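In: Got a predicted structure plus its sequence, pasted below:
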Amino acid sequence: MRIFHKLLFLLLLIVTIVSCSKDDSEVEKPGEDLAITYAYIGETALTASGQNTNIAIDETIEIRFNAAVNMVSAEASINLFDAANNPLALTFSYFNNNQLIKIDHQDLDENATYTLTISSGLKGANEEPFKGQTYTFSTLTTPLVLESVQIDDVAYNPLSRILNINRKPVIRLQFNSAVSKNDISLYSSYSSNGASVASTLIQVDEQTISVEISQEMEGFSKTVFAISSDIENRIGRPFDGLELNFYTQADTTPKFPVISDEELLTLVQKQTFKYFWDFAHPVSGLARERNTSGNTVTTGGSGFGVMSILVGIERGFITRQQGVDRLETIVDFLTNADRFHGVWPHWLNGETGKTIPFSTNDDGGDLVETAFMMQGLLTVRQYLNAGNSQESSLIDKINTLWETIEWDWYTQGGQDVLYWHWSANNDWIMNMKIRGWNEALIIYVLAASSPTHTINKDVYTKGWARDGDMMNTGNNSYYSYTLPLRSDMGGPLFFSHYSFLGLDPRNLSDQYANYWEQNITHSKINQAYCADNPQNYVAYSDECWGLTASDGYSGYSAHSPNNDRGVLTPTAALSSMPYTPEESMEALRYFYYTLGDKLWGEYGFYDAFDFTNGWVADSYLAIDQGPIVVMIENYRTNLLWDLFMSCPEVKSGLTKLDFTY
C-alpha cells in the first residue's frame, strides 16, 4: 500500500511539471512600448517641449512610429483641435508597413493655435502600449505677396532693369490675396527722377490694383513706384515691400529746330571749337585740361586744339589773322615751357610754363602727349604761308620745336621700344613701354620721321608691334566683324581717333594691318555692341552709342565693350564720322534733337552721360572736344589729313617703317 502511494505521488508530480511547462511556453513576453520617432507638419519638425510657431496652414501632418500601429486605434486616438477645442476632420493614410501616418486636414486659420493629440488609446499592431503625446502649435500669417507686375499690359520681372516704358504708363499689380487700394495708397509713392508723381489707384478686383498717372514723364527718367513694408501694420500680414524701378522711353520731340545735316555739322563744329577759342588759357593760348582746370593746360589736348584752329579759320568761325596770332602765342609759350629732352610734360601751368605733375612720379616728359601736340603743329606748319613774314617766322619756330624733340632718348639707352615718360627727378621710374595696339601709333610714326632724333625700324616692329603679337591672329569676330589688330572688341574708340587726326588711314597699310579697315571695324563693333546692349543699360541703341575714355558717374574711365559702365560719350560716335558716316550722323541727330535739352551746352555736347544712374556730365575735356571738330572736318573735306600727310618728313618716316599710304 505504501509503495502504491509513492507511485501515485510521483505520477501527480510529473503531470504537474508537464502542465506547468506548457502553460509557460504559451504566455508571450511583453513587447517594447510604441513610441513616436518624429512628427512633422510640412517641413517643420514638431517638438513636445518647445514652441512650434509659423506652421503652414495647408501642409500634411506626418507622424512616424518605431513600430507598426493599429489603424483602428490610430484613427480613434489621433485628433487635431482648434483653440476652442473643436476637433477638425482628418484623413489618414498609412505607409512603411503602417509605421508612417500621413494626415490631411482642411486649411487651418492663419495666426491661430492648434493642439495635436495622440492619446494612450493608440496601440501597436501587436497591442504595444502608447503613453500618449500632445503637440501645441501656432500657424503663420500668410504674407501679402506681389504675384505679377504688368506695365501697359506687358509682364515684367520687378527685380530686373526695365527699359523703354511709355512716358505715361499704366501699372497693374496682382497680389496673392485681397488688398485694398486704400491700404496701398497710404503706403505707396511714385517718383520720376526723384520728383513726386501724382497717381491714381484703381481697384480692378479684390487682388489687383491699377496705378495711373495724369501727366507724361520726361524721357529716360528713372521712375520708382514703391510700397512700404510698413503696410503690414495696417493689413495685419507681412509684406516685403516693393520698389519697382523702370526707365521711360526717349522723348523724341525735337529739342531744337530741324536743320540740314550740313548745317548741323557746322553748328557742332562751331560750338565745340569755342572750347579751344573762347575758353583757351588767356596767357598761353593752350587748352585747359577741362572746363574746371584753372591754370592747368594740357599738351595733347592742345595739340588737338591747334588743329581745330585751322578748322575755325577754314569754316569762317575766326579770321586767318586771328588764328595765326593765337597759334603764334601758343608756339612762343611752348618754346619757353618746361621740356625734358625736348618733350613736354602732360600738364603745364598756363601762366608760367612750369610742369604740373600728372601723378606722383609723372613730373617730366610725356612722349605720347608730345606726339599729339607735334601732330597738330606739323599740320599747322603745312597750312601756313611761307610767303607771309609772320607765318614764315611761325614755321621756323615750329621746325625748331620739332627738331629738338629727342625721340631716340626715349628708347632708354637704345632699347627696341619707346618709353612713355622720363623725369629729371624720377628718371625712368614710370617704366611704361609704348606698345600696341592702342592710341599711340602716331608716336612711332613721328619718331621714325624725325630729321634729327629718329629711331630705327626695329623699335617699331619689336617695340610697338611686338613682332606681330598685336595682331588678331585668332581671327576673333564680334557681331560678324573681325579686327585686324587686337583679339577683343577693339578697346575704347579713342584708339581709332587720336593717332588719325592727322595721319590719314584711308590708304594706310603695313605688314600688320590695313588701318582704314581697322578703324571702320572698330567703330562698327562699338556701335553694334551698344545696339545689342548686353548689360541692359538705359538709352543704348543703334542711334545712341559710343564707348570711349571720358568722365563717368563713378569717375573717369576708359569705357569700352570690355569696360562698359553704362556711360555713353558723344565724342566716341562723332569722332568716328569718317569711318561710320551713316551711324555717326544718326548719333549726331539723336544727341542734338532728342537729347539736346540734356546734352547740349556752351561748348557743344557735354562730355558723357549715364541715364541708368540719372547722370549727365557738366564737364568738357579738351581731348574729347578736339577730335569732334577735327574728325568731322576730315569727313567733310580731308583738310587735316591732307595737310599732315603733305609733310615730307612724315612720308619718309612711313616709308622707313614699310607703310604704304
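Out: Received, thanks.
In: Show the low-confidence segments of this protein, by residue range.
Out: Within the chain, the stretches with pLDDT under 70 are 1-31.
In: ok, now how distant is the residue nearest to the spatial centre of it from Arg486?
Out: What sits nearest the mean C-alpha location of the chain, by CA atoms, centre = their mean, is Arg565, with 3.9 Å. Distance of Arg565 to Arg486, given as CB to CB, to the nearest Å: 20 Å. Where you see a C-beta, it was placed from the backbone N, CA and C, and this is true even at glycine.
In: what's the answer for Leu574, then?
Out: Distance from Leu574 to Arg486, by CB to CB: 22 Å.
In: who has more neighbours, those two?
Out: Counted by other CB atoms under 10 Å, Leu574 and Arg486 do not tie: Leu574 has more neighbours, with 28 against 19.
In: OK, contacts around the nearest residue to Tyr498 once chain neighbours are set aside?
Out: Distances taken as CB to CB, 6 or more residues apart in numbering place Glu439 nearest to Tyr498, at 4.3 Å, with adjacent residues excluded. Applying CB atoms under 8 Å, 6 or more residues apart in numbering, we find Glu439 in contact with 368, 494-495, 497-499.
In: now Pro484
Out: When contacts are counted by CB under 8 Å, 6+ apart, Pro484 touches 471-472, 512-514, 517-518, 521.
In: Closest one of these to Ala465?
Out: Of all the contacts of Pro484, Ala465 sits closest to Tyr512, with 5.6 Å by CB to CB.
In: In this structure that closest one contacts Ala465, no?
Out: Yes. Counting by CB atoms under 8 Å, Tyr512 touches Ala465, with 5.6 Å between them.
In: Walking through the stretch 1-150 of the chain, point out its strands one by one.
Out: 36-41, 44-45, 52-55, 61-65, 78-81, 90-95, 100-105, 113-118, 133-139, 146-151 (DSSP state E, counting those that start in this stretch).
In: Can you tell me which helices and strands the third one packs against?
Out: Strand 52-55 makes packing contacts with strand 44-45, strand 133-139 when contacts are defined by 3 or more CB pairs under 8 Å, 6 or more residues apart in numbering; DSSP states H and E.
In: Give me the buried positions along the longest one.
Out: By neighbour count on 16 or more other CB atoms under 10 Å, the buried set for strand 133-139 is 133, 135, 137-139.
In: Please apply the same query to stretch 601-619.
Out: Going by neighbour count (16+ other CB under 10 Å), the buried part of stretch 601-619 is 601, 603-613, 615-617, 619.
In: wait, which of the residues you listed is closest to Pro570?
Out: Pro570 lies nearest to Phe605 out of those, by CB to CB, at 4.0 Å.
In: Would you mind measuring from that closest one to Ser302?
Out: In this view, Phe605 and Ser302 are 20 Å apart by CB to CB.
In: if we can go back for a sec, narrow the buried residues of stretch 601-619 to those in strands?
Out: 601, 604-605, 609-610, 615-616 (DSSP state E).
In: Would you reformat the residues you listed as a markdown table and include distance to Tyr553?
Out: Formatted as a markdown table, those follow (distance: CB to CB, whole Å):
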| residue | distance to Tyr553 |
| --- | --- |
| Gly601 | 18 |
| Gly604 | 21 |
| Phe605 | 17 |
| Phe609 | 9 |
| Asp610 | 4 |
| Trp615 | 4 |
| Val616 | 10 |
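In: Just give me the closest of the residues you listed to Pro581.
Out: Nearest to Pro581 out of those is Phe605 (CB to CB; 18.2 Å).
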